[in-house]
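Participant: Pasting a predicted model and its sequence here:
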Amino acid sequence: MKRVSIFGATGSIGQSTIDLIKRDAGAYDVVALSGGANVAQLAEDARALAADVAVTAYPDKLDELRAALAGSGVVAAAGTEALIEAAERPADWVMSAIVGAAGLTPGIKALEQGATLALANKESLVTAGALMLGTAKTHGAQLLPVDSEHSAIFQALRGEDIASVEKITITASGGAFRDWSLEDMARATPEQAASHPNWDMGQRITIDSASMFNKALEVIETKEFFGVLPAQIEVLVHPESLIHALVGFKDGAQMAHVGAPDMRHAIGYALHYPERRDLPVARLDLAKVGQLTFSAPDPQKYPALRLAWDVMEMGGLSGCVFNAAKEIALDGFIDHKIGFLEMAIIVEDTLTKMSGDTALLYADMTLDTVNAVDQEARRVAAALIKKREG
Ligand code: NAD
Ligand code: MG
């Protein structure tokens, strides 16, 4: 039996992972599940899968979780330390599906015990790519991509030599505001930004899709995961979201990964890797689809993309600054403190403000330095938001 843990089990990716596991429950020994405020969902899944431990991120939810798990034999736990302890429990396959930099430490702990880490949490690779890859290497652990674009690239690269790759193209739907004017985007509300035309995802990543901060994170994720140069990466707007990525080789061929927009494909691919098994995803009828369309992203509408290349150029811990500032800017937008287009301004200003502190930005990458830079970036971004409000 495969021992599995799922961090962020109550979210969109976590629930899709559980859906796949429940279809073949006898094949898995579930070690740990983690969630946030939705304790009822967490307890229901932990009971159904007979998990060893269920962890809520919120200590004030522990009593509720305990009550919901009474008599089940599942241990209830809460808080950051409990999350780390759960990630240290031996498992063969760990899904990293917490949203934001909060997913970093549990991911590192899972790699340290040698687990295969299925990485939905792109923020951890953007925040601390070298640390994650180094930890995986030291402990003989494998990192598998779960982001649909990166799973597509990974699949297109199977059996290929990375040295023969010329270009990697990741597609973007264009998000909720693809056809909106810049003026309308400036007035967009969080509710409008949180509705996605093709994918059904968590609120934060959906808003990040509308701003293309999600794509910006994915560009950096591509560089970290596959070790290509920033100049080899390209973003292509593809409203149908059926081609997830293309890999171009030096002989002129391009391998495109085509499939229905359903994250259970990428999750299932990582779950069964290196095998391919049946997955409950819709099969595409391209004759019905008829046509696919493509365009270059508008740099005016999507400044986040330019920032991704700035960050790759800066290197060091600038990815950590970028992600942390983005998380605070997103909070500010969701809380109606700043407008939609101001998110990129906050992130850019945070990067500029912190770029002078080379001792901080180019320190050795450890969990401690990453956390210090993350905290400082959050402080700077929050102060910038306060200034704009006042
Ligand atoms: P979500 O908001 O639906 O779920 C997030 C999960 O993380 C929940 O279980 C929540 O309880 C938990 N969580 C939130 N904050 C936490 C904290 N501070 N500490 C511990 N746990 C916390 O998010 P999602 O859409 O499932 O996305 C999860 C991750 O997968 C993100 O990194 C996202 O970028 C990535 N991803 C998602 C999709 C998708 O289709 N949803 C696609 C590609 C990548
Ligand atoms: Mg993606």
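Facilitator: Great, that's in hand. Just so it is clear, the structure is predicted and the values come from calculations on it, not from any experiment. Ligands and ions are numbered 1, 2, ... in the order given.

Participant: excluding its backbone neighbours, what's nearest residue 348?
Facilitator: Leaving aside its sequence neighbours, residue 348 sits nearest to residue 307 (C-beta to C-beta, 6 or more residues apart in numbering; 5.9 Å). Yep, even glycine has a C-beta here, placed from its N, CA and C like the rest.

Participant: can you pull the contacts of that neighbour?
Facilitator: For residue 307, the contacting residues are 216, 322, 344, 347, 348, 351, by C-beta atoms under 8 Å, 6 or more residues apart in numbering.

Participant: tell me which of those is nearest to ligand 2?
Facilitator: Closest approach to ligand 2 among the contacts of residue 307 (C-beta to the ion): residue 216, at 11.5 Å.

Participant: Where does that closest one sit, in terms of helix or strand?
Facilitator: Per DSSP states H and E: residue 216 is located in helix 213-226.

Participant: Could you list the buried residues of the next helix or strand after that helix?
Facilitator: Per DSSP H and E, the first helix or strand lying C-terminal to helix 213-226 is strand 233-237. For strand 233-237, a neighbour-count test (16 or more other C-beta atoms under 10 Å) marks 233, 234, 235, 237 as buried.

Participant: Could you work out the end-to-end span of stretch 265-279 for me?
Facilitator: From its first residue to its last, stretch 265-279 covers 7 Å (C-alpha to C-alpha, to the nearest Å).

Participant: Which residue, other than its chain neighbours, is closest to the residue of the stretch 51-200 of the chain found nearest ligand 2?
Facilitator: Ligand 2 sits closest to residue 147 of the stretch 51-200 of the chain, with a gap of 4.1 Å, by C-beta to the ion. Closest residue in space to residue 147, ignoring its immediate chain neighbours: residue 122 at 5.5 Å, by C-beta to C-beta, 6+ apart.

Participant: Neighbours of the one you found, how many?
Facilitator: By the measure other C-beta atoms under 10 Å, the count of residues near residue 122 is 27.

Participant: what does the model give it for pLDDT?
Facilitator: pLDDT recorded at residue 122 is 98.

Participant: residue in the stretch 1-150 of the chain nearest to ligand 1?
Facilitator: In the stretch 1-150 of the chain, the residue that lies nearest ligand 1 is residue 11 (1.9 Å; C-beta to the nearest ligand atom).

Participant: need the contact list for the nearest residue to that residue once chain neighbours are set aside.
Facilitator: Nearest residue to residue 11, sequence neighbours excluded (C-beta to C-beta, 6+ apart): residue 202, at 5.4 Å. Each residue near residue 202 by C-beta under 8 Å, 6+ apart is listed here: 11, 12, 13, 99.

Participant: Would you check that the first one makes contact with residue 97?
Facilitator: So the one you mean is residue 11. Yes: judged on C-beta atoms under 8 Å, residue 11 makes contact with residue 97 at a distance of 5.8 Å.

Participant: check contacts around residue 354.
Facilitator: So residue 354 contacts 321, 360, 361, 373, 376, 377, 380 (C-beta under 8 Å, 6+ apart).

Participant: Nearest spatial neighbour of the second one, chain-adjacent residues omitted?
Facilitator: The spatially closest residue to residue 360, leaving aside those adjacent along the chain, is residue 373, at 5.9 Å (C-beta to C-beta, 6+ apart).

Participant: Which residues are in contact with that neighbour?
Facilitator: Residue 373 neighbours (C-beta under 8 Å, 6+ apart): 317, 320, 321, 324, 354, 360, 361, 363.

Participant: which SSE is it in?
Facilitator: According to DSSP H and E, residue 373 maps onto helix 367-389.

Participant: I'd like the distance between the residue in the stretch 101-250 of the chain that ligand 1 sits nearest to and residue 99.
Facilitator: Nearest residue of the stretch 101-250 of the chain to ligand 1 (C-beta to the nearest ligand atom) works out as residue 202 at 2.7 Å. As judged by C-beta to C-beta, to the nearest Å, residue 202 and residue 99 stand 6 Å apart.

Participant: Please enumerate the shared neighbours of those two.
Facilitator: residue 11.

Participant: and the stretch 101-250 of the chain, which of its residues are near ligand 2?
Facilitator: Contacts of the stretch 101-250 of the chain with ligand 2, taken as C-beta under 5 Å from the ion, map to 147, 148, 149.

Participant: would you turn those residues into CSV with neighbour count?
Facilitator: Output for those, formatted as CSV (neighbours: other C-beta atoms under 10 Å):
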residue, neighbour count
147, 27
148, 25
149, 26
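
Participant: ok, which of these also contact ligand 1?
Facilitator: The residues of these that also fall near ligand 1, by C-beta under 6 Å from any ligand atom, are residue 147.

Participant: ok, residue 203 - contacts?
Facilitator: Counting by C-beta under 8 Å, 6+ apart, residue 203 touches 194, 334.

Participant: Would it be right to say that the residue nearest to residue 348 lies in a helix?
Facilitator: Yes: under DSSP: H, G, I helix; E, B strand; the rest coil, residue 307 falls within a helix.

Participant: now it: how far from residue 322?
Facilitator: 7 Å.

Participant: what is in contact with these two at once?
Facilitator: 216, 347, 351.

Participant: Would it be right to say that the last one lies in a strand?
Facilitator: No: with three-state DSSP as the criterion, residue 351 is located in helix rather than a strand.
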